[in-house]
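A.B. asks: Okay, predicted coordinates and the sequence, questions at the end:
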Amino acid sequence: MENLVTKRQPVNRNPAVRLGITLLLVLALASPGWSTRLKDISSLKGIRSNQLVGYGLVVGLNGTGDSSNNVDFAIRSTLNMLERMGVHVERERFSNIKLKNVAAVMVTANLPPFARLGNKIDVVISSIGDAKSLQGGTLLLTPLKGVDGQVYALSQGPIAVGGYVASGAAGGGVTKNHPTVASISKGAIIEREVPVRLEDKKELFLALYNSDFTTAEKVRETINRFAGANLARALDSGTVRISIPESYQSNPAE
């Protein structure tokens with residue numbers, strides 16, 4: 001990848017077009033022998049990932065799930081799920097139900113900015129009961145909610161565990177890593193988008209991941225050089241303000 005700072009490039013005479021090219025393609029900071037993309041060192045202020053969380057059940061475990069004596073909410077959750085599916089279980093039999101192949105879990109995920117309906121994201125599944133291992137289990141359909149209580153994604157599928165538990169005949173055993181934490185790659189489908197509006201904004205702010213006056217100044221110089229106008233200004237060691245030309249405020253992505 002060419003160093004866009006140290007090598008002279010053809011200059012477009014339209015400041016707005018040059019600004020769009022600068023922000024959306026590749027920006028590099030002047031440094032001999034290496035170059036850095038702007039998106040790797042900064043982000044647009046106010047545009048970030050959002051945390052999602054949900055409560056669910058993992059089924060299909062080989063006797064390594066929650067114990068009925070200590071974790072009765074796993075049984076209650078299973079009974080409620082069966083009721084919703086039309087399977088009725090007498091409540092008086094509640095204390096006799098043993099479900100060692102089921103574990104109650106919390107499911108977490110990061111919803112990236114600009115994620116669209118139908119996109120898939122990774123999820124992490126963590127046991128909240130006394131299950132010994134989630135290996136071989138399948139996560140049942142779990143809604144993932146944001147801090148506002150709205151459902152943003154749905155997760156389901158077979159899980160992958162990075163650890164294991166091996167028990168010996170004499171009662172001993174070996175545990176590798178964390179068998180009660182698992183994941184599903186692309187295991188959740190986005191059902192709701194987080195609204196992000198850039199239209200009609202007169203300014204955008206770049207927030208540097210690591211505050212540094214030298215880096216902020218190089219970012220400012222690079223943007224202004226390729227925009228051909230004094231559009232960027234370093235406000236402090238961690239923030240660069242970019243003025244959007246009036247003709248492009250209705251569509252800053254250009």
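C.D. replies: On my side now, so go ahead.
A.B. asks: Which SSE is immediately downstream of the helix or strand hosting N80?
C.D. replies: Take DSSP states H and E as the rule and N80 turns out to sit in helix 72-84. Downstream of helix 72-84, the next assigned helix or strand under DSSP H and E is strand 102-111.
A.B. asks: what residues are up against E217?
C.D. replies: A234 (C-beta atoms under 8 Å, 6 or more residues apart in numbering). Using the backbone N, CA and C atoms, a C-beta is placed for each residue, glycine as well.
A.B. asks: and if you look at A153?
C.D. replies: Contacts of A153 by C-beta under 8 Å, 6+ apart are 52, 109, 111, 121, 143-144, 188-192.
A.B. asks: How about P112?
C.D. replies: Per C-beta under 8 Å, 6+ apart, neighbours of P112: 49, 121.
A.B. asks: Now do it against A160, distance only.
C.D. replies: Look at P112 and A160: by C-beta to C-beta, to the nearest Å, they are 21 Å apart.
A.B. asks: Please apply the same query to G137.
C.D. replies: Using C-beta to C-beta, one gets 10 Å for the distance from G137 to A160.
A.B. asks: Can you list the helices and strands that the helix or strand where S183 lies packs against?
C.D. replies: For S183, the host element (DSSP H and E) is strand 181-190. Identification of packing neighbours for strand 181-190 by 3 or more C-beta pairs under 8 Å, 6 or more residues apart in numbering; DSSP states H and E yields strand 102-111, strand 120-127, strand 138-145, strand 151-158, strand 160-161.
A.B. asks: how about CSV for those, with distance to A216 and mean pLDDT added?
C.D. replies: Output for the helices and strands packed on strand 181-190, formatted as CSV (distance: least, C-beta to C-beta, whole Å; pLDDT from 0 to 100):
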stretch, distance to A216, mean pLDDT
strand 102-111, 27, 96
strand 120-127, 31, 97
strand 138-145, 36, 97
strand 151-158, 33, 98
strand 160-161, 41, 92
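A.B. asks: Adding distance to G46, write these out as TSV.
C.D. replies: TSV is the format used below for these (distance: least, C-beta to C-beta, whole Å):
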stretch	distance to G46
strand 102-111	15
strand 120-127	21
strand 138-145	22
strand 151-158	18
strand 160-161	34
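A.B. asks: G129 looks like it's in a strand, true?
C.D. replies: No. Per DSSP: H, G, I helix; E, B strand; the rest coil, G129 lies outside any strand segment and is coil.
A.B. asks: got a list of what it touches?
C.D. replies: So G129 contacts 65-67, 70-71, 73-74, 103-104 (C-beta under 8 Å, 6+ apart).
A.B. asks: Among the residues you listed, show me the least confident.
C.D. replies: The member of the contacts of G129 with the lowest pLDDT is N70, at 72.
A.B. asks: looking at this, it is in a helix?
C.D. replies: No. Note on N70: no helix contains this position according to three-state DSSP, which reports coil.
A.B. asks: what residues are up against the closest residue to it other than its chain neighbours?
C.D. replies: Nearest residue to N70, sequence neighbours excluded (C-beta to C-beta, 6 or more residues apart in numbering): D130, at 5.2 Å. With contacts defined as C-beta under 8 Å, 6+ apart, D130 is in contact with 66-67, 70-71.
A.B. asks: Filter those residues down to just the buried residues.
C.D. replies: Using 16 or more other C-beta atoms under 10 Å as the burial test, those include 66, 71 as buried.
A.B. asks: and the contacts of D130 as JSON lines, adding distance to D236?
C.D. replies: Converted to JSON lines, the contacts of D130 look like this (distance: C-beta to C-beta, whole Å):
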{"residue": "D66", "distance to D236": "51"}
{"residue": "S67", "distance to D236": "55"}
{"residue": "N70", "distance to D236": "53"}
{"residue": "V71", "distance to D236": "50"}
